[in-house]
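Visitor: below is the structure, and that's it, no one-letter string:
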């Protein structure tokens, strides 16, 4: 294959800090910090120094940098309003407590592990626990003095916080029904397990230009279009079940959909191909400017053909097999409800509101799952929870017990479709409240839209984000809400949202429609969402999806 011609624009970008082109000098504080000391070394200091001497002993370079490689972020100091988020220095925003993320790749947990996660929350995190859209648990109120003990308890049951954050290969999304779904093309969990064993904690991949997000699934249930690398189940006409390879997806302030490389990857080669992709990112990724340090910018500049060529020629040392694209889904899979497994047992998916649970709830879910004969649970990329391997005779009792915990197996469309990031309650980047706002919104929509539930044939997804970074995937929601300070009718500066409408994945893959100049205050939010939903139900054509309606609707129907 002849390399594509280098454009003048590309020549101007040769100095973007790419290691493979000889640019090894750190070009910003993040790069200098990683060069000064491998971030994985911070664990020793936490265990031997900081946990004994307390918060004030922590080196700032560790506190706001290397701690992330072990899933630790300082949380937001209480009482600082969103309007001051961008005006204060980091030390002014820092509380003396931490958010902690625990890896559960593929969302896969035993009931014993779930119980330990809950008990840690009860003992060390003031009973806080959020299911994130990375299929893992996030705690709050963690003290540095307790971190080594928490690690010991997690590692005793095979869990870790290593590289849950930072410029590293973060938790891998996988199908929460891997190995049991009747319509699964191929079980991707063995590939996830191999990647974890081989590469997580490997110093070769602990200094990436920025974070690196992976999704691997034999189904299309992991938002593969918006990942740095994704492996999507597909049947090859000659070689059988395997994976279609995607690279370069991502959201935040410069959203981009991933690109197919046109390559088919068999299950046993997924870890090697994953290593090649992450190596290209490590060596050719842009390190000069932090906001351009994601793989999506490299893929956008190179194109998928060149990216594949570099992978094959410099890293794999072989050509990959060309393969077909998977059939695109018209509706996203969230696995809520009761579903039959291919072994005759059942899995039961239940919905908390926007992932907000507690340690006590996690402990109880573990207990009632075991009472139902299950030893396995899963978190989903939609902030939901699934109990696997349930005998048919136990399904009804399990549903009832989950409902007592506020986990509904037959939720309303609004409870089923809501997602929210951490928000101003704990996050230093946030501008507005999110979790409580999501709960209020669901409660009001359930009360006010009872009359049209039958007209909503699929959940209308509502995603709420506290800042522009899109941790809750606002651009790919039916109704995406980006938190910001807005002016109300009285001229007051209040919490509010910029609105994105009609985004989606699968058949509706795209970033939605922004209404120029249209902002909604937090207090107006329930009324606004109700109005838009009622307009959709009234105006939709037969089998028309929300995204299709938004694309053709008059602007007045969307305001």
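Guide: Everything's here; your move. Not measured: the values here are computed from a predicted model.

Visitor: residue 266 - nearest residue in space that isn't next to it in sequence?
Guide: Closest residue to residue 266 apart from its sequence neighbours, by CB to CB, 6 or more residues apart in numbering: residue 242 at 4.7 Å. All C-beta spots, glycine's among them, are computed from the backbone N, C-alpha and C.

Visitor: buried ones in the host helix or strand of residue 245?
Guide: According to DSSP states H and E, residue 245 maps onto strand 240-247. For strand 240-247, the neighbour count (16 or more other CB atoms under 10 Å) marks 241, 242, 243, 244, 245, 246, 247 as buried.

Visitor: would you pull up how far stretch 356-374 lies from the middle of the chain?
Guide: Centroid separation for stretch 356-374 versus its chain: 23 Å, with CA atoms, centre = their mean, to the nearest Å.

Visitor: switch to numbering from 55
Guide: OK, 55 is where the count begins now, so the last one is stretch 410-428.

Visitor: which residues are contacting it?
Guide: If you take CB atoms under 8 Å, 6 or more residues apart in numbering as the criterion, stretch 410-428 is touched by 165-166, 168-169, 171-176, 179, 181-185, 191, 406, 429-431, 439, 441-445, 448-449, 451-452, 455-456, 459-461, 489, 492-493.

Visitor: moving C-terminal from the helix or strand hosting residue 574, which element do we reach first?
Guide: In this assignment (DSSP H and E), residue 574 forms part of strand 564-575. Toward the C-terminal end, the helix or strand that comes next after strand 564-575 (DSSP H and E) is helix 579-593.

Visitor: show residues contacting that following helix.
Guide: Helix 579-593 is contacted from outside by 491, 494-495, 498-499, 502-503, 506, 509-510, 514, 516, 533, 535, 551, 553, 555, 574, 600, 603-604, 607, 611-612, using CB under 8 Å, 6+ apart.

Visitor: residue 393 belongs to a strand, doesn't it?
Guide: Yes - under DSSP: H, G, I helix; E, B strand; the rest coil, residue 393 sits within a strand.

Visitor: how close does the closest residue to it other than its chain neighbours sit to residue 273?
Guide: Excluding the flanking residues, the one nearest residue 393 by CB to CB, 6+ apart is residue 401, at 5.4 Å. With distances taken as CB to CB, to the nearest Å, residue 401 is found 13 Å from residue 273.

Visitor: overlap in contacts, these two.
Guide: Here residue 401 and residue 273 share the contacting residues residue 231, scored by CB under 8 Å, 6+ apart.

Visitor: show me just the buried residues among the contacts of helix 579-593.
Guide: Neighbour-count burial (16+ other CB under 10 Å) applied to the contacts of helix 579-593 gives 491, 495, 498-499, 502-503, 510, 514, 516, 533, 535, 551, 553, 555, 574, 600, 603-604, 607, 611-612.

Visitor: in strands, which of the residues you listed appear?
Guide: Taking DSSP state E as the definition of strands, the buried ones among the contacts of helix 579-593 contribute 516, 533, 535, 551, 553, 555, 574.

Visitor: for the nearest residue to the fourth one once chain neighbours are set aside, list the residues it contacts.
Guide: The shortest distance from residue 551 to any residue that is not its chain neighbour, by CB to CB, 6+ apart, is 4.0 Å, and that residue is residue 535. Contacts here follow CB under 8 Å, 6+ apart; on that basis residue 535 touches 516, 517, 518, 519, 528, 551, 552, 553, 554, 574, 579.

Visitor: can you check residue 405 too?
Guide: 390, 438, 461, 462, 463, 465, 469, 470.

Visitor: just say helix, strand or coil for the nearest residue to residue 243 once chain neighbours are set aside.
Guide: By the measure of CB to CB, 6+ apart, the closest residue to residue 243 outside its immediate chain neighbours is residue 232, 4.1 Å from it. For residue 232, the assignment made with three-state DSSP gives coil.

Visitor: burial count for residue 232?
Guide: 26 (other CB atoms under 10 Å).

Visitor: for the contacts of residue 535, could you give me JSON lines that also reports distance to residue 118 and pLDDT?
Guide: As requested, the contacts of residue 535 are arranged in JSON lines below (distance: CB to CB, whole Å; pLDDT from 0 to 100):
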{"residue": "516", "distance to residue 118": "32", "pLDDT": "97"}
{"residue": "517", "distance to residue 118": "27", "pLDDT": "98"}
{"residue": "518", "distance to residue 118": "26", "pLDDT": "98"}
{"residue": "519", "distance to residue 118": "22", "pLDDT": "97"}
{"residue": "528", "distance to residue 118": "26", "pLDDT": "95"}
{"residue": "551", "distance to residue 118": "28", "pLDDT": "96"}
{"residue": "552", "distance to residue 118": "28", "pLDDT": "94"}
{"residue": "553", "distance to residue 118": "32", "pLDDT": "95"}
{"residue": "554", "distance to residue 118": "30", "pLDDT": "94"}
{"residue": "574", "distance to residue 118": "33", "pLDDT": "96"}
{"residue": "579", "distance to residue 118": "33", "pLDDT": "97"}
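
Visitor: of these, which is the nearest to residue 280?
Guide: Nearest to residue 280 among the contacts of residue 535: residue 528, at 11.5 Å, using CB to CB.

Visitor: pLDDT at the nearest residue to the closest one once chain neighbours are set aside, what is it?
Guide: Of all residues not flanking residue 528 in the chain, residue 534 sits nearest, at 3.2 Å (CB to CB, 6+ apart). Here, the pLDDT recorded for residue 534 equals 96.

Visitor: could you give the bridge partners of residue 534?
Guide: Note on residue 534: beta-bridge partners residue 517, residue 554, judged by DSSP bridges.

Visitor: where do the helices sit along the stretch 205-354 of the chain?
Guide: Using DSSP state H, counting those that start in this stretch, the helices assigned to the stretch 205-354 of the chain run over residues 243-253, 324-338, 349-356.

Visitor: indicate which one of those is closest to residue 91.
Guide: Checking these against residue 91 by CB to CB gives helix 324-338 as the closest, at 17.7 Å.

Visitor: residues making contact with that closest one?
Guide: Contact with helix 324-338 is made by 72-75, 223, 242, 245, 248-249, 252-253, 258-259, 261-263, 266, 268, 270, 282-283, 285, 297, 299, 301, 317, 319, 349, 352, 361, 364-365, 368-370, 374, as judged by CB under 8 Å, 6+ apart.

Visitor: how far away from the center of its chain is that helix?
Guide: 20 Å.

Visitor: repeat for stretch 330-342
Guide: Between the centre of stretch 330-342 and the centre of its chain there are 21 Å (CA atoms, centre = their mean).

Visitor: if we can go back for a sec, give me the buried entries from the contacts of stretch 410-428.
Guide: Applying 16+ other CB under 10 Å to the contacts of stretch 410-428 flags 165, 168-169, 171-176, 179, 181-185, 191, 406, 430-431, 439, 441-444, 448-449, 452, 455-456, 459, 461, 489, 492-493 as buried.

Visitor: so which of these sit within strands?
Guide: Per DSSP E, those map to strands at 184, 185, 191, 430, 431, 439, 441, 442, 443, 444.

Visitor: straight-line length of stretch 340-358, end to end?
Guide: 17 Å (CA to CA, to the nearest Å).

Visitor: next: stretch 530-549.
Guide: End residues of stretch 530-549 are separated by 22 Å (CA to CA).

Visitor: residues contacting the residue nearest to residue 186 when sequence neighbours are not counted?
Guide: Distance criterion CB to CB, 6+ apart; nearest residue to residue 186, sequence neighbours excluded, is residue 192 at 5.3 Å. Residues in contact with residue 192 (CB under 8 Å, 6+ apart) are 153, 154, 155, 156, 183, 184, 186, 476.

Visitor: how about a markdown table for these, with distance to residue 215 added?
Guide: Formatted as a markdown table, the contacts of residue 192 follow (distance: CB to CB, whole Å):
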| residue | distance to residue 215 |
| --- | --- |
| 153 | 11 |
| 154 | 6 |
| 155 | 6 |
| 156 | 6 |
| 183 | 14 |
| 184 | 15 |
| 186 | 13 |
| 476 | 16 |
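
Visitor: now tabulate these in JSON lines and tack on pLDDT.
Guide: Listed next are those as JSON lines, based on pLDDT from 0 to 100:
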{"residue": "153", "pLDDT": "98"}
{"residue": "154", "pLDDT": "98"}
{"residue": "155", "pLDDT": "98"}
{"residue": "156", "pLDDT": "98"}
{"residue": "183", "pLDDT": "98"}
{"residue": "184", "pLDDT": "98"}
{"residue": "186", "pLDDT": "98"}
{"residue": "476", "pLDDT": "97"}
